[in-house]
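[1] make a model of this:
(2 chains)
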Amino acid sequence: MRQGIVFVTLLSGLLFYAPTAASQESFSWGLNSLRNAASAMLDWFENLSQQINEIANNEERRRITVALTDLSESMYGLEQNSRYLLEALERPSVSEGEVSRYISATESSLLDVRSKLEAVGLSLREQYRAGGFEAEREISSAFGSRAGFLYELKDTIRSESPVPNDLIQQGRATLEAISAANEELLKVIGSLQT
Amino acid sequence: MNGKSLTLHIGIFVVMLSATYLLVRFGGLSPDLLRAVPALFFLYLGVMFVFGALKKRRTLK
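    You can find the predicted model right below:
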């Protein structure tokens, strides 16, 4: 410890007072070469950091793309299950068991979309240049209206009254919203891949 | 630093970078770990330099 303090003191003394000494020229030459070496090392370090940063950014982009593709697949599943449910509701003769089966399939798709949206929502919003913010808002809104439609439908079925036509229209509208949100999401994925 | 030890340090850096890349790409570790590699390597070089200097000083004594 004591030796280290002495070494640092001697070094600072050398740096501050040696230029006034007789060997000024050789000292400044040494200092310059040290400075050049340090700046070359720093340049090399910055260059290396930039290159590695690029690799890390690519990896992050790849991860987001994979997660968004998963979300898009779940959205497509939700869209399909919702379509089957609406087709069953519009059929004149449909059993209650069939409708409940479609409802539970749509509910499970909704849960799937919700968990994936929770996982990737923040990353999607951060891709604002690729339209991620709007896509996330559209998906959340379509998700909310689909969930609302399902609860209303379940209430109607539970009360054993016929499903009103305006509820089916509402279901059609939310289906369109899901489809539009998925298209928006696919655009984001496409722009992330280019 | 002679040619042999320079090759050794560069080799260590390449192995360190490749291992980190593989861990990030297939092991699911954070890409921030990859960003820390140059700083860690410089830290390693600094430690090596200090140890080398101390060893040389001890030998001269």
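
[2] run a quick neighbour tally on the residue of chain A found nearest chain B.
    Closest residue of chain A to chain B, C-beta to the nearest C-beta: A:Ala56 (3.9 Å). Glycine gets a C-beta too; all of them are placed from N, C-alpha and C. For A:Ala56, the neighbour count with other C-beta atoms under 10 Å in any protein chain shown is 21.

[3] need the next SSE after the helix or strand where it lies, C-terminal direction.
    In this assignment (DSSP states H and E), A:Ala56 forms part of helix A:24-90. Once helix A:24-90 ends, the next helix or strand along the chain (criterion: DSSP H and E) is helix A:96-126.

[4] average pLDDT for that following helix?
    Mean pLDDT, taken over the full extent of helix A:96-126, equals 85.

[5] do stretch B:46-61 as well
    Averaging the model's pLDDT scores along stretch B:46-61 yields 83.

[6] what about A:Ile168, neighbour count?
    Counted with other C-beta under 10 Å, A:Ile168 comes out at 16.

[7] which pLDDT value belongs to it?
    84.

[8] that one and A:Glu87 touch, don't they?
    No - between A:Ile168 and A:Glu87 there is no contact under C-beta atoms under 8 Å: 10.3 Å.

[9] doesn't B:Leu34 make contact with the residue of chain A closest to chain B?
    Yes - with contact defined as C-beta under 8 Å, A:Ala56 counts as touching B:Leu34 (4.5 Å).

[10] what's the overlap in contacts for the two?
    Listed as contacting both A:Ala56 and B:Leu34 by C-beta atoms under 8 Å, 6 or more residues apart in numbering or on different chains are B:Val24.

[11] nearest residue to the middle of chain B?
    B:Phe41 (3.6 Å; C-alpha atoms, centre = their mean).

[12] how about the nearest residue to it, chain neighbours excluded?
    Spatial nearest neighbour of B:Phe41, excluding adjacent residues (C-beta to C-beta, 6 or more residues apart in numbering or on different chains): B:Phe13 at 5.0 Å.

[13] ok, so what distance separates the one you found from A:Thr194?
    For B:Phe13, the distance to A:Thr194 equals 33 Å [C-beta to C-beta, to the nearest Å].

[14] A:Lys154 now?
    43 Å.

[15] okay, the two: which has more neighbours?
    More crowded of A:Lys154 and A:Thr194, by other C-beta under 10 Å: A:Lys154, with 14 against 5.

[16] burial count for A:Arg61?
    14.

[17] now do the contacts for the closest residue to chain A within chain B.
    Residue nearest to chain A within chain B (C-beta to the nearest C-beta): B:Pro31, separated by 3.9 Å. When contacts are counted by C-beta under 8 Å, 6+ apart, B:Pro31 touches A:Ala56, A:Asn57, A:Glu59, A:Glu60, A:Arg63, B:Val24.

[18] can you pull the contacts of the second one?
    Looking back up the chat, that one is A:Asn57. B:Pro31.

[19] try the last one
    If a contact means C-beta under 8 Å, 6+ apart, then B:Val24 has A:Ala56, A:Glu59, B:Ser30, B:Pro31, B:Leu33, B:Leu34 as its contacts.

[20] and with 10 Å instead?
    A:Ile55, A:Ala56, A:Glu59, A:Glu60, A:Arg63, B:Ser30, B:Pro31, B:Asp32, B:Leu33, B:Leu34, B:Arg35, B:Val37 (C-beta atoms under 10 Å, 6 or more residues apart in numbering or on different chains).

[21] gap between B:Leu60 and B:Ala53?
    Going from B:Leu60 to B:Ala53 by C-beta to C-beta gives 11 Å.

[22] just want to know which of the two has more residues nearby.
    For B:Leu60 versus B:Ala53, the count of surrounding residues by other C-beta under 10 Å is larger for B:Ala53: 10 against 6.

[23] can you give me phi and psi for A:Ser93?
    phi -120, psi 110 (degrees, to the nearest 10).
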